[in-house]
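> this is the structure alone, sequence omitted:
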């Protein structure tokens, strides 16, 4: 059973004040729980349903629609690499081989030491600095086979 | 010409309200509040401004529909779910010039009678959320947002809502569903959002860039604005340029500048002075063009005449080395991933197109694959629930139409191996 502390309840109530209906708060509430627990386990989804008084099936149906909600444990750092058209023609897909070779990191996988998880992104809106990636919430652009390793080495 | 939408963006403190006011910011809001709401709508109608999100619907007309609906409350939503691959123009406004957007939203809310608004921000822009929240806080402190803006008895409250990585939520009715805490699947139209939108109330949805144009229209007047750029679709436009370009980036230019001017005059041409092979003019959902079309004017009307669309003005240039079938495959993979699954032609059809293109690129193409791709794509066009399916299908058809030889070579090479 996932217990909610007072601060979390306060944060959820604040969100409720921003929408005309508490059911509308589902996305921001899922973000809060994901931040607190790292990922959305079945128990966490149950707690979300209870906090907003909506059916569990609705919470699961909605959360699994969106790629940024995680339904399995993630590594300490989330690497979100773009391989869409602009990044692809500027060498984004080649970076995948480098990540595999250096860290054994493959798309939708987490390294055995739980350091990195890799997700392929569908455009992060930085096509002028292609190829680009987000590591957690930090943006890194103009990536090459060399600088991508230097950047990732800063995340332990 | 002095920049309007990108004004002052090179300053370190461009997102700060004091810096924005120092440069003349929020003066259009004062001016608008001296006008009647109807007259604000009329200025925007006369400006000829058309929605900058891609559809190009006349903004003044959209507003007047909402004004005509007497139901209350009304909502104003800003579509900041900039997910179109190739597009990054809204990001610059959100990140560097957030008060321009807020000023535009307050004026718009006053014009249409909305007391409540949301900025639907894409989840892939996490740092921008904090920039927007800070800007909203500053605007509230200066009484540009709140219950009694500038002491005029007008109230407008603004919140930020983050998406979570679904391209389809850029479609306005899917955006509303997502804002209501549901799966981002489009609604049937009509009813249109202006009559029955968020919380089933009249709702105006405008793109970031559209709203950012409003203060300037109020400042110089609708008639003066309508004289900028193309006569049929006038105004300022942000073009985001990427791919094999010497100086990629976001360029503020008059609507209707030619593709050639954008690529060769403003962006310095193609990297390594290689030959241009193809251009996508408005983001990957718009049909690809060959170099003989680059004297086309970049506006809503002119691009339809050469078989493409302005979309969000996201130009991607490809040099002579690019494998166009591979690009077509990547685009189709994108649409397959982003299909919401609601309607069969899109959900199933795009998957089939991806499978056929995948085997072509993997050296296992079959003789009738081009015909099969045309057949599958023809069965999506006009039969999908929302424009996503059509975009995927027309993209494939435009690649086959312009680069058929490359598709044929892929199949021939496959046959040799077989």
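Good, I have the coordinates. Since this is a predicted model, take the numbers as computed values, not measurements.
> now do the contacts for the spatially most distant residue from the centre of chain A.
Residue farthest from the centre of chain A, counting by C-alpha atoms, centre = their mean, is residue A:20 at 27.4 Å. Residue A:20 makes contact with B:116, B:199, according to C-beta atoms under 8 Å, 6 or more residues apart in numbering or on different chains. From N, CA and C alone the C-beta is placed, and that goes for glycine too.
> cutoff 6 Å now
Going by C-beta atoms under 6 Å, 6 or more residues apart in numbering or on different chains, residue A:20 touches residue B:199.
> any idea of the pLDDT on it?
Residue A:20 is assigned 95 on the pLDDT scale.
> got any ranges where chain B has weak pLDDT?
Counting by pLDDT under 70, the ranges of chain B that qualify are B:417-418.
> what residues does it put near chain A?
Residues of chain B lying close to chain A (C-beta under 6 Å from any C-beta of the partner chain) are B:82, B:85-86, B:88, B:91, B:123-124, B:126-127, B:159, B:164-166, B:180-181, B:183, B:199, B:242-243, B:248-249, B:284, B:316, B:322, B:330, B:334.
> which element is the residue nearest the centre of chain A on?
Residue closest to the average C-alpha location in chain A (C-alpha atoms, centre = their mean): residue A:68, at 4.6 Å. According to DSSP states H and E, residue A:68 maps onto no helix or strand at all.
> look up how far chain A lies from residue B:47.
27 Å (C-beta to the nearest C-beta, to the nearest Å).
> in this structure that residue contacts residue B:217, no?
Yes. Using C-beta atoms under 6 Å as the test, residue B:47 is close enough to residue B:217 to be in contact (4.5 Å).
> now do the same contact list for residue A:12.
A:29, A:51.
> list the buried ones in the strand or helix carrying it?
In this assignment (DSSP H and E), residue A:12 forms part of helix A:6-16. Of the residues in helix A:6-16, A:8, A:11, A:12, A:15, A:16 count as buried by neighbour count, 16 or more other C-beta atoms under 10 Å in any protein chain shown.
> mind listing what residue A:100 touches?
The contact partners of residue A:100, taken as C-beta under 6 Å, 6+ apart, are residue A:106.
> tell me the pLDDT of it.
Value for residue A:100, per-residue pLDDT: 95.
> ditto for the one 3 residues further on
Among the per-residue scores, residue A:103 holds a pLDDT of 95.
> separation between it and residue A:80?
15 Å (C-beta to C-beta, to the nearest Å).
> how far does stretch B:338-351 sit from its chain's centre?
22 Å (C-alpha atoms, centre = their mean, to the nearest Å).
> ok, now which ones touch the most centrally placed residue in chain B?
By C-alpha atoms, centre = their mean, chain B has its centre lying nearest to residue B:53, at 3.0 Å. Taking C-beta under 6 Å, 6+ apart, we find residue B:53 in contact with B:79, B:207.
> from residue B:82, how far off is it?
Taking C-beta to C-beta, one finds residue B:53 at 9 Å from residue B:82.
> how much space between residue B:416 and chain A?
Relative to chain A, and taking C-beta to the nearest C-beta, residue B:416 is found at 25 Å.
> which neighbours do residue B:47 and residue B:217 share?
Counting by C-beta under 6 Å, 6+ apart, the common neighbours of residue B:47 and residue B:217 are residue B:225.
> any regions of chain A where pLDDT drops low?
For chain A, applying pLDDT under 70 flags the ranges A:1.
> which stretches in chain A count as strands?
A:77-82, A:116-121, A:133-135, A:138-140 (DSSP state E).
> can I get the ones you listed in JSON lines with distance to chain B and mean neighbour count?
What follows is these, written out as JSON lines (distance: least, C-beta to the nearest C-beta, whole Å; neighbours: other C-beta atoms under 10 Å in any protein chain shown):
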{"stretch": "strand A:77-82", "distance to chain B": "8", "mean neighbour count": "22"}
{"stretch": "strand A:116-121", "distance to chain B": "7", "mean neighbour count": "20"}
{"stretch": "strand A:133-135", "distance to chain B": "7", "mean neighbour count": "22"}
{"stretch": "strand A:138-140", "distance to chain B": "7", "mean neighbour count": "16"}
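> can I get these in CSV including distance to residue B:411?
CSV is the format used below for those (distance: least, C-beta to C-beta, whole Å):
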stretch, distance to residue B:411
strand A:77-82, 30
strand A:116-121, 28
strand A:133-135, 35
strand A:138-140, 39
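> residues of chain A that sit close to chain B?
Counting by C-beta under 6 Å from any C-beta, chain A sits next to chain B at A:18, A:20, A:23-24, A:26-27, A:62, A:65-69, A:84-86, A:88-89, A:122-125, A:127-128, A:137.
> please flag which of the residues you listed sit within helices.
Mapping the residues of chain A next to chain B onto helices (DSSP state H) picks out A:26, A:27, A:62, A:85, A:86, A:88, A:89.
> can you pull the contacts of the fifth one?
What it means is residue A:86. Contacts of residue A:86 (C-beta under 6 Å, 6+ apart): A:127, A:130, B:86, B:242, B:243, B:316.
> could you find the closest non-adjacent residue to it?
In space, and not counting its chain neighbours, residue A:86 is closest to residue A:127: 3.7 Å by C-beta to C-beta, 6 or more residues apart in numbering or on different chains.
> same question for the first one.
With C-beta to C-beta, 6+ apart as the criterion, residue A:26 has its nearest non-adjacent residue at 3.3 Å, and that residue is residue B:181.
> run a quick neighbour tally on the one you found.
Applying the criterion other C-beta atoms under 10 Å in any protein chain shown, we find 23 residues in the vicinity of residue B:181.
> and what of the one 5 residues further on?
Residues contacting residue B:186 under the criterion other C-beta under 10 Å number 22.
> what about the residue lying closest to it once chain neighbours are set aside, how many residues nearby?
Excluding its sequence neighbours, the residue lying closest to residue B:186 (C-beta to C-beta, 6+ apart) is residue B:386, at 4.2 Å. The local packing of residue B:386 (other C-beta under 10 Å) involves 22 other residues.
> now residue B:386: how far from residue B:204?
Using C-beta to C-beta, residue B:386 is found at 20 Å from residue B:204.
> ditto for residue B:75
Note on residue B:75: its distance to residue B:204, by C-beta to C-beta, is 7 Å.
> next: residue B:234.
21 Å.
> doesn't the residue nearest to the centre of chain B lie inside a strand?
No. Residue B:53: not assigned to a strand; according to DSSP: H, G, I helix; E, B strand; the rest coil it is coil.
> residue B:60 versus that one, what's the distance?
16 Å.
> ok so, going back, with neighbour numbers in mind, choose between residue B:234 and residue B:204.
Shown here are residue B:234 and residue B:204; by other C-beta under 10 Å, residue B:204 has more neighbours (28 against 21).
> ok, now which ones touch residue A:73?
Counted by C-beta under 6 Å, 6+ apart, residue A:73 has contacts residue A:39.
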